[in-house]
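> Provided below for reference: sequence and predicted model.
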Amino acid sequence: MEGVSKKQIIAIRTMLAKAGIADEEEKKGFILMITDMRTDSISQMTYEEASKAHKFLKDKLIQPFDPKQDPRYKMRGKILSMAHEMQWYLPGQKKLDIKRLDRWCEKYGHGRKPFNAYTYNELPRLIRQFEKVYVTFLNQIAR
């Protein structure tokens, strides 16, 4: 069996980044899926496995982006819903102030990064943190 070429490694890494698979654990999971659990390293793939990964990623990148297919979509929606309930709107509009949410996440969120930068595995903890803010808000309006 022929090993993966340097050109394939570069192409796969570039396509993973373009596909939004930036987290190391997500990359390893993808490689494990492509190699039928044989390895989690791009450099340990065979030429055939690398070709399969390249084709899969190419097909994925050609498809139009559907945010609802992102596994983080539903969890982000929970936080956005609570922010709506608390009326974290832009001044004079009924549109969420995402910059305010980003500032909150950077200051109080466990990852200290903008809202959309949280990974699938980090979002449950962020939801729990934001729920505490939401409960405090509800308690204040109940008085």
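Now that the structure is in, tell me what you want to look at. As the structure is a prediction and not an experimental result, all values here were calculated from the model.

> Can you name the residues that contact Gly111?
105, 117-118, 122, 126 (CB atoms under 8 Å, 6 or more residues apart in numbering). C-beta: built from backbone N, CA, C; applies to glycine.

> Kindly recompute the last result at 10 Å.
With contacts defined as CB atoms under 10 Å, 6 or more residues apart in numbering, the neighbours of Gly111 are 105, 117-119, 122-123, 125-126.

> so when I look at it, I'm seeing a strand, right?
No: membership of Gly111 in a strand is not supported by DSSP: H, G, I helix; E, B strand; the rest coil, which gives coil.

> Give me the domain ranges for the chain.
Domain assignment for the chain by automatic domain parsing gives 6-63, 69-142.

> ok, longest helix in the chain?
The longest helix of the chain (DSSP state H) is helix 123-142.

> thinking again about what came up before, how about the contacts of Gly111 in CSV, adding pLDDT, neighbour count and distance to Pro71?
Listed next are the contacts of Gly111 as CSV, based on pLDDT from 0 to 100; neighbours: other CB atoms under 10 Å; distance: CB to CB, whole Å:
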residue, pLDDT, neighbour count, distance to Pro71
Cys105, 97, 22, 19
Ala117, 91, 14, 15
Tyr118, 91, 22, 12
Thr119, 89, 16, 10
Glu122, 93, 17, 12
Leu123, 95, 20, 9
Arg125, 97, 13, 16
Leu126, 97, 22, 15
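
> buried sites along the longest helix of the chain?
123, 126-127, 130, 134 (16 or more other CB atoms under 10 Å).
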